[in-house]
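A.B. asks: have a look; sequence and predicted model below, questions after that.
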Amino acid sequence: MGEVMGIPGLILTVLQLCALGMTVFALVHAIRQRPDAFTAVDKLTKPVWIAILLASLGALLLAQTPVGILGIAAIVATGVYLADVRPKVDEIQRGPRW
């Protein structure tokens with residue numbers, strides 16, 4: 001019985017670690033970028049994105065589970081940065097990849 005209850009806990013732990021890693025990666029990426037790159041691609045400013053990602057990291061640490069309301073909000077905010085902002089900021093700084 002203990003092993004069956006341990007599997008959902010293990011899955012939640014793995015999800016939590018993945019969410020934390022994703023958020024830390026996004027935060028480090030945002031910190032390393034030039035401030036003018038964010039406004040050049042018509043996105044929120046660098047300090048705003050850093051604040052959003054810091055709040056996401058804090059929410060993930062505070063909630064201790066990625067499936068609660070705080071965890072889901074944090075993952076969505078981080079996902080928006082990684083899927084929408086990061087590629088455009090990288091492209092504006094490096095140019096097109098072809």
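C.D. replies: Looks like it arrived, so ask away. Numbers count the residues shown, from 1 in each chain.
A.B. asks: since we're on Ala83, how many residues are nearby?
C.D. replies: 9 (other C-beta atoms under 10 Å). (Glycine included, C-beta is placed from N, CA and C.)
A.B. asks: report pLDDT for it.
C.D. replies: Listed pLDDT for Ala83 reads 97.
A.B. asks: SS state for it?
C.D. replies: helix (DSSP: H, G, I helix; E, B strand; the rest coil).
A.B. asks: just the element for Val14, please.
C.D. replies: helix 2-32 (DSSP states H and E).
A.B. asks: from Phe38, how far off is the residue nearest to Arg34 when sequence neighbours are not counted?
C.D. replies: Spatial nearest neighbour of Arg34, excluding adjacent residues (C-beta to C-beta, 6 or more residues apart in numbering): Gln93 at 6.7 Å. As judged by C-beta to C-beta, to the nearest Å, Gln93 and Phe38 stand 11 Å apart.
A.B. asks: swap in Arg94?
C.D. replies: 15 Å.
A.B. asks: the more surrounded of those two?
C.D. replies: Ranked by neighbour count (other C-beta under 10 Å), Arg94 and Phe38 place Phe38 first, with 21 against 8.
A.B. asks: and that one, what does it touch?
C.D. replies: With contact set as C-beta atoms under 8 Å, 6 or more residues apart in numbering, Phe38 has these partners: 44-46, 49, 85, 89.
A.B. asks: cool, thanks, signing off.
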